[in-house]
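Peer 1: output the structure for:
(chains A and B)
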Amino acid sequence: MNLLEIKGLKIHYITDSGVVRAVNGIDLEINRGETLGLVGETGAGKTTTALGIMCQVPDPPGKVVEGEIFFEGSNLLEKNAREIRKIRGSKISMIFQDPMTALNPVVTIGDQICEVIRLHQKTSHAESIKIACEMLELVGIPAERINEYPHQFSGGMKQRVVIAIALACKPSLLIADEPTTALDVTIQAQVLQMMDKLKKELGTSMLMITHDLGVVAEICDRVAIMYAGEIVEYGTLEAIFNNTAHPYTKGLFGSIPSLVLDVERLSPIDGLMPDPTQLPTGCSFAPRCNEKMSECEERKPELFQVSPGHFSKCIHHKNEMHKESRGC
Amino acid sequence: MSALLEVKNLKKYFKTPRGMLHAVDDVSFDLNSGKTLGVVGESGCGKSTLGRVLINLLEATDGEIFFEGNNVIGMKKKQIKDLRQYMQIIFQDPYSSLDPRMSVSEIIAEPLRIYEVCKSNDELKKRVQELMKIVGLTERLANAYPHELDGGRRQRIGIARALALNPKFIVCDEPVSALDVSIQAQILNLMQDLQKERGLTYLFITHNLSVVKHISDDIMVMYLGNMVEKCNTKALFKRNFHPYTKALLSAIPIPQIGIEKRRILLEGEISSPINPKPGCRFASRCIYAKERCNSEQPVLREILADHFVACHYVESINIL
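Peer 2: Have a look, this model is predicted:
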């Protein structure tokens, strides 16, 4: 049984200027101990997906329109607020993008870590402080700094505190929403290495949301590429990086200046992400795609299995397969 | 070829309640016309301050800046105004660097109005349209306001504004950091094309090493206000000598799998630039640090031809 299974999830924001289709029918699975990378650009719906799993989509204007989210076998969307609160923070926890704003500036970091421990575990005050100290040591902060306030820490240290809070109850699923985007590269390297180590020690599964394919290559087992609220490609790390199938993923790789090779000119994806209130009727990537055909603008492509476990949402694949089978 | 920009022992200190903050400390370099110098470093290393001091948006504490042979430091206001036509800046955040109450055409026209370049309103309008075309903005956006546009388009406005007066030198202060990768590539291509067409000289400030490798001819690595290594881009990625450069390069996640990487993890964090102690500023995080590093500040030395490094023990670390 998978730890997390999302089926046909649709999340819309209903605003005065129209319905924003942030998440448009996605399917995802995360196995135990696995790290899944969710990659996409601003506005692709990555964070909304994460909030959906946490049952924290701001309502109004957000609404989970359709779909199921199975966590350890039970559907999170059918649970009431009290049951969700028991899971959130203990079994599923989240690391936010910006450590500068994720912490409460007027509460010591010790109290902020203790808060989550005391909420979910029946521990005395002294015990919770002891656990908090252990967590701090685990993320590489000396335990004697427990009574300090967030402003006394640097960005990288604050993110460690946020990670300590997220891991305090030993969750089985950790959702990391761009955990290193706000950090410098040398600090990012420290934090990523620490997260990878802790994940292995605690056996936590992770949903890593990022736009940095370099981070993905480093830490993820499987990758899902998201575009305009849909998962357009999905597969193992090797499949996505060495056997890229979807034109959007190819475009993403072409846009990154390489550190290894000398490239004279980048090959960017033309145009912009479509307006999420007015998504195209056909393939949502068609207006920017350089391999598009007339068919692409008429109907939505289905998810197609390129190789076992590697899926891509593009009409091209189907046609190619068709040709091949006829050729045989 | 003579250098367009010559910087000698440039210093910029800020007064803070806790003491002097050494944002840029003793930086010297030459920049030839038509070239791009990349400045890399982590947040707080003084790279943006350097960019601003160079075009006189901030006054230097000490040192000399020669632009086409004339010393910019100590110039009168009028002279600086004349000079600014030729030195422009593109800012990092396209969301806060544009006046929200001015339309796109007004923003681009502003420098042209200030310098009274165009004789009539028709000419001004034509010039603005021309600039919008150059940076790839459609004409119908002329009367739009910045809030109606996305980050990539806003950055194009910033570039058009910087180009308006036909500058020779542009400081690009993290121009693509706030943009998505696919948009980032569009802007980088645009900037390269413009450089080729107009012979522009860029000082390209960024923390993104793959971007800087892509666009620069030379790279300067900064750490806490000091320049620690400077050389040709290709040479730097082939052979680098300063311990900080090594750590910085090894820390970048590479979007490719199956690459063997030896990562040098730095312990600790950047120390404070306020009243820095004598000695090498990187010493507290350096694995090779010895006693001398804590007492004596290393000077920039030419280790190989055109390859400058500031480290006492560069020879023994690299077996030179």
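
Peer 1: thought A:L303 was touching A:C314?
Peer 2: No: at 9.4 Å, A:L303 does not count as touching A:C314 under the criterion of CB atoms under 8 Å. Just so you know, the C-beta spots here come from the backbone N, C-alpha and C atoms, and that holds for glycine as well.

Peer 1: buried stuff in the helix or strand of chain B with the lowest mean pLDDT?
Peer 2: Across the helices and strands of chain B, mean confidence by mean pLDDT, DSSP states H and E is lowest for helix B:314-318: a mean of 85. The neighbour-count check on helix B:314-318 (16 or more other CB atoms under 10 Å in any protein chain shown) flags B:314, B:317-318 as buried.

Peer 1: nearest to chain A among the residues you listed?
Peer 2: B:I317 (17.9 Å; CB to the nearest CB).

Peer 1: now the helices for the chain?
Peer 2: If you meant another chain, say so; for now it's chain A. Along chain A, the stretches classed as helices by DSSP state H are A:46-53, A:81-87, A:99-102, A:109-120, A:125-138, A:155-167, A:185-202, A:213-219, A:237-242, A:247-255, A:315-327.

Peer 1: not what I meant, chain B
Peer 2: Assigned by DSSP H, chain B shows helices spanning B:47-54, B:77-84, B:104-114, B:121-134, B:151-163, B:181-198, B:209-215, B:233-238, B:243-251, B:291-295, B:314-318.

Peer 1: which helices and strands sit right next to the fifth one?
Peer 2: Right, the one you point to is helix B:151-163. strand B:87-90, helix B:104-114, helix B:121-134, helix B:181-198 (3 or more CB pairs under 8 Å, 6 or more residues apart in numbering or on different chains; DSSP states H and E).

Peer 1: quick one: strands adjacent to the first one?
Peer 2: Note on strand B:87-90: by DSSP bridges, its sheet partners are strand B:169-173 (parallel).

Peer 1: ok, now which ones touch residue 201?
Peer 2: Using chain A here. By CB atoms under 8 Å, 6 or more residues apart in numbering or on different chains, the contact list for A:E201 is empty.

Peer 1: that's the other chain; I wanted chain B
Peer 2: B:4-5, B:31-36, B:168-170.

Peer 1: any figure for the gap between B:V24 and chain A?
Peer 2: 18 Å (CB to the nearest CB, to the nearest Å).

Peer 1: need the contact list for that residue.
Peer 2: B:10-12, B:46, B:49-50, B:53, B:225.

Peer 1: neighbour-wise, which of A:L303 and A:C314 wins?
Peer 2: Counted by other CB atoms under 10 Å in any protein chain shown, A:L303 and A:C314 do not tie: A:C314 has more neighbours, with 27 against 16.

Peer 1: wait, doesn't that one sit right on A:S284?
Peer 2: No: counting by CB under 8 Å, A:C314 does not reach A:S284; the two are 11.4 Å apart.

Peer 1: which neighbours do these two share?
Peer 2: Common neighbours of A:C314 and A:S284 (CB under 8 Å, 6+ apart) do not exist.

Peer 1: may I have the beta-bridge partners of B:I170?
Peer 2: B:Q88, B:Y202.

Peer 1: distance of it relative to chain A?
Peer 2: For B:I170 relative to chain A (CB to the nearest CB), the value is 19 Å.

Peer 1: quick one on the thing from earlier: please identify which of the contacts of B:V24 is nearest to A:M206.
Peer 2: Nearest to A:M206 out of the contacts of B:V24 is B:G46 (CB to CB; 35.9 Å).

Peer 1: isn't the closest one up against B:F14?
Peer 2: No: the criterion here is CB under 8 Å, and B:G46 misses it with B:F14 at 10.2 Å.

Peer 1: residue 226: neighbour count?
Peer 2: In the absence of a named chain, chain A is used. For A:M226, using other CB under 10 Å, the count is 25.

Peer 1: try again with chain B
Peer 2: B:N226, neighbours per other CB under 10 Å, totals 25.

Peer 1: quick one on the thing from earlier: just the buried members of the contacts of B:T201?
Peer 2: Buried residues within the contacts of B:T201, defined by neighbour count using 16+ other CB under 10 Å: B:4-5, B:31, B:34-36, B:168-170.

Peer 1: dump these into a markdown table; add pLDDT as well.
Peer 2: Below are the buried ones among the contacts of B:T201 laid out as a markdown table (pLDDT from 0 to 100):
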| residue | pLDDT |
| --- | --- |
| B:L4 | 90 |
| B:L5 | 92 |
| B:L31 | 92 |
| B:G34 | 91 |
| B:K35 | 92 |
| B:T36 | 94 |
| B:K168 | 93 |
| B:F169 | 94 |
| B:I170 | 94 |
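
Peer 1: just those residues: which are in strands?
Peer 2: Among the buried ones among the contacts of B:T201, the subset assigned to strands under DSSP state E consists of B:4-5, B:31, B:36, B:169-170.

Peer 1: relative to B:A185, how far out is B:I215?
Peer 2: 11 Å (CB to CB, to the nearest Å).

Peer 1: overlap of the contact sets of these two?
Peer 2: A:P257.

Peer 1: A:V106: how many residues sit nearby?
Peer 2: By other CB under 10 Å, neighbour count at A:V106 equals 9.

Peer 1: which residue, other than its chain neighbours, is closest to it?
Peer 2: A:Y149 (7.4 Å; CB to CB, 6 or more residues apart in numbering or on different chains).

Peer 1: give me the number of residues near that neighbour?
Peer 2: Count around A:Y149 with other CB under 10 Å applied: 16.

Peer 1: from A:K158, how far out is it?
Peer 2: 11 Å.

Peer 1: and the contacts of B:V24, which of them are buried?
Peer 2: The buried subset of the contacts of B:V24 (16+ other CB under 10 Å) comprises B:10-12, B:46, B:49-50, B:53, B:225.

Peer 1: looking at the residues you listed, spot the one nearest chain A.
Peer 2: So of those, ranked by how close each gets to chain A (CB to the nearest CB), first place is B:G46, at 13.8 Å.

Peer 1: many thanks, have a good one.
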